[in-house]
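>>> here's my sequence, what's the structure:
(3 chains)
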Amino acid sequence: MRDWVLHLDLDAFMAAVEILRNPELRGRPVVVGGNGDPTTPRTVVATASYEAREYGVHSGLPMRTALRRCPDAVYLPIDLPAYESASAAVMTLLHTFPVTVEVWGLDEAFLGARTDDPEALARDIQRAVTDKTGLTCSIGIGDNKHQAKLAAQFEKPSGVSRLTTDTWPEVMGERPTTALWGIGAKTGKKLADLGLRTVTQLAAADPTELAARFGPTNGPWLRYLALGKGESTVTTTPWVPRGHSHETTFTQDLTDPAAMRAQIAALAVRLAAETEGRPVVRVTVKVRSAPFTTHTRQAKLPEPTHDAATIEQAALAVFDRFDHGRPVRLLGVSVEYG
DNA sequence: TCTGGGGTCCTAGGACCC
DNA sequence: TCTGGGGTCCTAGGACCC
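Numbers count the residues shown, from 1 in each chain, chains lettered A, B, ... in the order given. The predicted structure is shown next:
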């Protein structure tokens, strides 16, 4: 018997929930995103069913592009309460297994398990999830979260894969650094500029050089990722959010300062109602101007507060510090808790 | 491809103090 | 008076993830 980390990833989650409640959609390309109208500008795909992915439709793609690529898809608006409810059913079910469950967003969870046969456990869990909820999932098995997370992507949908420290070099070694969980396009490009293209090359890189280029924490951490290391503790302790934010992208740019201030005030009041009693210590305002330049301004409050009027006034004061003039496509407010 | 919304963490630079 | 470092706090931006 030994400890394993499993990562469970619900397949095409939002689209799958929509198909469950409308079985006529099964087998058709289904795209969930924005308000469900794919002609609305400045909206993107949240989730595409596997049938829709065949047409090159994927998360983050502008809805209007999705419509061009797959005009016959069924387009649906995001229905968060429905996904929260489906997610909760899965997470509750997971707790009936002899595992520790760390919920990681609506459609993911890490599981800590002590077993001789993690594949058998994974298949049991998959069967139960499908029997009880109608959803399918992929499960990755590893020595730590990083490995389990990557393994879960190997055979989607409905796959079970194992990636361990033993198999890491042969499975991951020749892949690009961006295959690692935490290295995106920007960092991948910077690494390539240093001649570090593959996981093996990054694993063998000089930590001092990486620290000089990427900072004292990030530099060594990149090499750590390439060695297949990662957190192996699965904790049941519920996540305590550091803060909350709301932002709105307008279908058409805002040019009226009074309208902007009204939006800022509304976002701040919304946030103030969601603090759950936690004291707000900092307020940040985000402004994205045409064409696509984003700036933030923030202020530490004189003292922690959960008073809505104080938070609203603070947000407006921060907003007034911006150099105004250009049309605005997005406004956002975030609060940080003490 | 004209590019959402909600999070987390890290970095760099300036202010200020000793 | 020109000038040293270190430590801490704050701010703005960047990168990544789902």
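>>> got phi/psi on residue A:210?
phi -60, psi -40 (degrees, to the nearest 10).
>>> verify the stated contact: it with residue A:220.
Yes: counting by CB atoms under 8 Å, residue A:220 is a contact partner of residue A:210 at 6.4 Å. All C-beta spots, glycine's among them, are computed from the backbone N, C-alpha and C.
>>> who's more crowded, the two?
Between residue A:210 and residue A:220, residue A:210 has the larger neighbour count (other CB atoms under 10 Å), namely 23 against 15.
>>> which residue is the nearest non-sequential neighbour of that one?
residue A:219 (3.5 Å; CB to CB, 6 or more residues apart in numbering).
>>> doesn't the one you found fall inside a helix?
Yes: looking at residue A:219 with DSSP: H, G, I helix; E, B strand; the rest coil, it is inside a helix.
>>> show me the contacts for it.
A:207, A:209-213 (CB atoms under 8 Å, 6 or more residues apart in numbering).
>>> now it: how far from residue A:335?
Residue A:219 sits 32 Å away from residue A:335, going by CB to CB, to the nearest Å.
>>> just the buried members of the contacts of residue A:219?
A:210-211, A:213 (16 or more other CB atoms under 10 Å).
>>> just checking, residue A:319 touches residue A:260?
Yes: using CB under 8 Å, residue A:319 is in contact with residue A:260, at 7.2 Å.
>>> between these two, who's got more neighbours?
Set side by side, residue A:319 and residue A:260 give different neighbour counts by other CB under 10 Å, the larger being at residue A:319 (24 against 19).
>>> follow-up on the earlier one: between the contacts of residue A:219, which is closest to residue A:103?
residue A:210 (32.5 Å; CB to CB).
>>> please tell me how far the closest residue to DNA strand C within chain A sits from residue A:321.
Ranked by CB to the nearest atom of the strand, the top residue of chain A for proximity to DNA strand C is residue A:184, at 2.6 Å. Separation of residue A:184 from residue A:321 (CB to CB): 31 Å.
>>> which parts of chain A are strands?
Ranges of strands in chain A, per DSSP state E, are A:2-10, A:30-33, A:45-48, A:74-76, A:100-103, A:108-115, A:137-142, A:160-163, A:243-254, A:280-289, A:293-305, A:328-337.
>>> turn these into JSON lines, including mean pLDDT and mean neighbour count.
What follows is these, written out as JSON lines (pLDDT from 0 to 100; neighbours: other CB atoms under 10 Å):
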{"stretch": "strand A:2-10", "mean pLDDT": "98", "mean neighbour count": "23"}
{"stretch": "strand A:30-33", "mean pLDDT": "97", "mean neighbour count": "28"}
{"stretch": "strand A:45-48", "mean pLDDT": "97", "mean neighbour count": "24"}
{"stretch": "strand A:74-76", "mean pLDDT": "97", "mean neighbour count": "22"}
{"stretch": "strand A:100-103", "mean pLDDT": "97", "mean neighbour count": "19"}
{"stretch": "strand A:108-115", "mean pLDDT": "98", "mean neighbour count": "20"}
{"stretch": "strand A:137-142", "mean pLDDT": "98", "mean neighbour count": "26"}
{"stretch": "strand A:160-163", "mean pLDDT": "98", "mean neighbour count": "22"}
{"stretch": "strand A:243-254", "mean pLDDT": "96", "mean neighbour count": "15"}
{"stretch": "strand A:280-289", "mean pLDDT": "97", "mean neighbour count": "21"}
{"stretch": "strand A:293-305", "mean pLDDT": "95", "mean neighbour count": "13"}
{"stretch": "strand A:328-337", "mean pLDDT": "97", "mean neighbour count": "22"}
